[in-house]
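J.: sequence unknown, structure follows:
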């Protein structure tokens, strides 16, 4: 039987969720903090107030605490395959950055006919990368330039999660544990595989796999208070998902989905099947979620503890309200910008920073005014 | 010679035949992939999904078929006058090539690597090309009957 229809109680529950009002209005103003970036993809805040920003085309840039963009890009990056969705992706600091100056970054490697996502680390010394190490290479190398995932999140034990994509043409591979397509992987900072990864003892499974059945995961965050990992992924036409990530769990793509193919064809007749995890929420029509942030700053007191998902198609940031560890409604923010938002980040100053997705990309700073 | 409106009608019908056959084939291809992953595929699910694709996918596919046939079928008709013995082969080939070239063009123009799921594999692509041959042969038969 096709599980498309929802029961009346489920519809009522959904309606309550969607119509739930924001707890309080929050006033803000948005300033351009930095401009002159070409398709910025991610950013990280350095302890001295500066920021690192990746540009998809393959440059790592430094922004001064004042917002001024350093003209010279950071040198020492490895060779990056940059075209379409491929390029330099995420950047995060080592949890012990102040001691080791180490950063982690994800990027696309290979060429048009054989490429995928790679994770590397390096020391940032005087605006240059030194001691660059490849930590993880997603396999197999596939053709085409779509769906790389690429977001990184650290867990409390200092292992890290890297999100990956299904490569678009290889969606069925998301169900095959022997490869990295359509997976979230977990590795240690030195590239080794944690002994307690869920599939380390499973014959023929790639030991790095943490969860599977994903399409293109471009947002992941660890919520320390709740000890949970949240992520979101792009659906096809509709069916973008927010998921609670648990080790070893199958999130269903492409066996179950709330979306259809871009050409209107059914990807799957099923939205639910036994053994496949349901999303916490799904967005149809697609919003195209591009990054996920848990706000823990003090600037926006009503937003503390909420999830924020930047979106490309909706040109907004979705605030996902959290109450007692449960989702408690959504609010669409920053639509007035009318720009594709590639990233949303909580700054150490309590402000929220946005990256706009275009050839004349900017860093925008959202400042509370109340 | 059949009159123009008769030929036009047969052309439209040929587009519809290929669209319907191609839509049904691509649905079965996609469902076979899911079945291979362990998804249950009872007949009611198969029929319902096929019908949904006829409604949701075939209008898009019809545009590709229409444009492909607008080039391929007149060319096949012209060539078959030159080589009457090869008429059926020429139409079958023209229909298949129309779909193949249409898919290639669409994949080159659109941002996604492969626009139609069945076009991701050799077998799936052959199936879609075969639907082009069926429609083109339908056109060849109907126009010959009308002569």
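T.: Yep, that arrived. Since we're looking at a predicted model, the values are computed, not measured.

J.: From the contact counts, what lies against the one helix or strand residue A:43 maps to?
T.: Secondary structure assignment for residue A:43, by DSSP states H and E: strand A:40-45. Applying 3 or more C-beta pairs under 8 Å, 6 or more residues apart in numbering or on different chains; DSSP states H and E, one finds that strand A:40-45 contacts strand A:51-55, strand A:88-93, strand A:341-346, strand A:352-356, strand A:361-368. (Glycine included, C-beta is placed from N, CA and C.)

J.: Among those strands, which comes closest to chain B?
T.: Shortest distance between chain B and those, using C-beta to the nearest C-beta, is found for strand A:341-346: 16.3 Å.

J.: I'd like to know which elements that closest one is packed against.
T.: The contact analysis (3+ C-beta pairs under 8 Å, 6+ apart) places strand A:341-346 against strand A:40-45, strand A:289-294, strand A:307-311, strand A:316-323, strand A:352-356.

J.: Put together JSON lines for those strands, with mean neighbour count and mean pLDDT on each row.
T.: As requested, those are exported to JSON lines (neighbours: other C-beta atoms under 10 Å in any protein chain shown; pLDDT from 0 to 100):
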{"stretch": "strand A:40-45", "mean neighbour count": "24", "mean pLDDT": "98"}
{"stretch": "strand A:289-294", "mean neighbour count": "24", "mean pLDDT": "98"}
{"stretch": "strand A:307-311", "mean neighbour count": "27", "mean pLDDT": "98"}
{"stretch": "strand A:316-323", "mean neighbour count": "21", "mean pLDDT": "97"}
{"stretch": "strand A:352-356", "mean neighbour count": "25", "mean pLDDT": "98"}
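
J.: Could you give the number of residues near residue A:137?
T.: 15 (other C-beta atoms under 10 Å in any protein chain shown).

J.: That one contacts residue A:109, correct?
T.: Yes: using C-beta atoms under 8 Å, residue A:137 makes contact with residue A:109 at a distance of 6.8 Å.

J.: Please enumerate the shared neighbours of the two.
T.: Applying C-beta atoms under 8 Å, 6 or more residues apart in numbering or on different chains, one finds that residue A:137 and residue A:109 are jointly contacted by A:116, A:118.

J.: Just send the helices and strands packed on strand A:341-346 back as CSV, with distance to residue A:185 too.
T.: Shown next, in CSV, are the helices and strands packed on strand A:341-346 (distance: least, C-beta to C-beta, whole Å):
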stretch, distance to residue A:185
strand A:40-45, 18
strand A:289-294, 17
strand A:307-311, 22
strand A:316-323, 25
strand A:352-356, 24
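
J.: From residue A:39, how far out is the residue found closest to residue A:34 once you drop the neighbours it is linked to in the chain?
T.: In space, and not counting its chain neighbours, residue A:34 is closest to residue A:363: 4.1 Å by C-beta to C-beta, 6 or more residues apart in numbering or on different chains. The gap separating residue A:363 from residue A:39 is 13 Å, by C-beta to C-beta, to the nearest Å.

J.: Counting neighbours around each, name which of those two comes out higher.
T.: Legend: neighbour count by other C-beta under 10 Å for residue A:363 and residue A:39, higher for residue A:363 (24 against 21).

J.: Residue A:267: what secondary structure?
T.: Here residue A:267 is recorded as coil under DSSP: H, G, I helix; E, B strand; the rest coil.

J.: Tally up the residues packed near it, please.
T.: Neighbours of residue A:267 (other C-beta under 10 Å): 25.

J.: who does residue A:368 bridge with?
T.: residue A:28 (DSSP bridges).

J.: That one: what's it in contact with?
T.: A:26, A:27, A:28, A:299, A:300, A:350, A:351.

J.: For those residues, pick the one with the most neighbours.
T.: In these, the most neighbours by other C-beta under 10 Å go to residue A:300, 22 neighbours.

J.: That residue touches residue A:350, doesn't it?
T.: Yes: the pair residue A:300 / residue A:350 is scored as a contact, 7.4 Å apart, by C-beta under 8 Å.

J.: check which helix or strand covers residue A:186.
T.: Secondary-structure element containing residue A:186, defined by DSSP H and E: strand A:183-187.

J.: Against which helices or strands is that strand packed?
T.: Under the contact rule (3+ C-beta pairs under 8 Å, 6+ apart), strand A:183-187 is packed against strand A:128-137, strand A:160-163, strand A:209-212.

J.: Could I get the phi/psi values of residue B:124?
T.: Main-chain dihedrals, residue B:124, degrees, to the nearest 10: phi -60, psi -40.

J.: And for the closest residue to residue A:166 other than its chain neighbours, the neighbour number?
T.: Excluding its sequence neighbours, the residue lying closest to residue A:166 (C-beta to C-beta, 6+ apart) is residue A:182, at 3.8 Å. Around residue A:182 there are 30 other residues, counting by other C-beta under 10 Å.

J.: ditto for residue B:133
T.: 22.

J.: likewise residue B:13?
T.: The burial count for residue B:13: 14, using other C-beta under 10 Å.

J.: how about low-confidence regions in chain B?
T.: Across chain B, the ranges flagged by pLDDT under 70 are B:1-2, B:145-147.

J.: could you pull out the helices for it?
T.: B:4-36, B:43-56, B:58-82, B:87-109, B:122-146 (DSSP state H).

J.: I'd like those helices written out as JSON lines, with distance to chain A added.
T.: Shown next, in JSON lines, are the helices of chain B (distance: least, C-beta to the nearest C-beta, whole Å):
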{"stretch": "helix B:4-36", "distance to chain A": "5"}
{"stretch": "helix B:43-56", "distance to chain A": "4"}
{"stretch": "helix B:58-82", "distance to chain A": "5"}
{"stretch": "helix B:87-109", "distance to chain A": "9"}
{"stretch": "helix B:122-146", "distance to chain A": "11"}
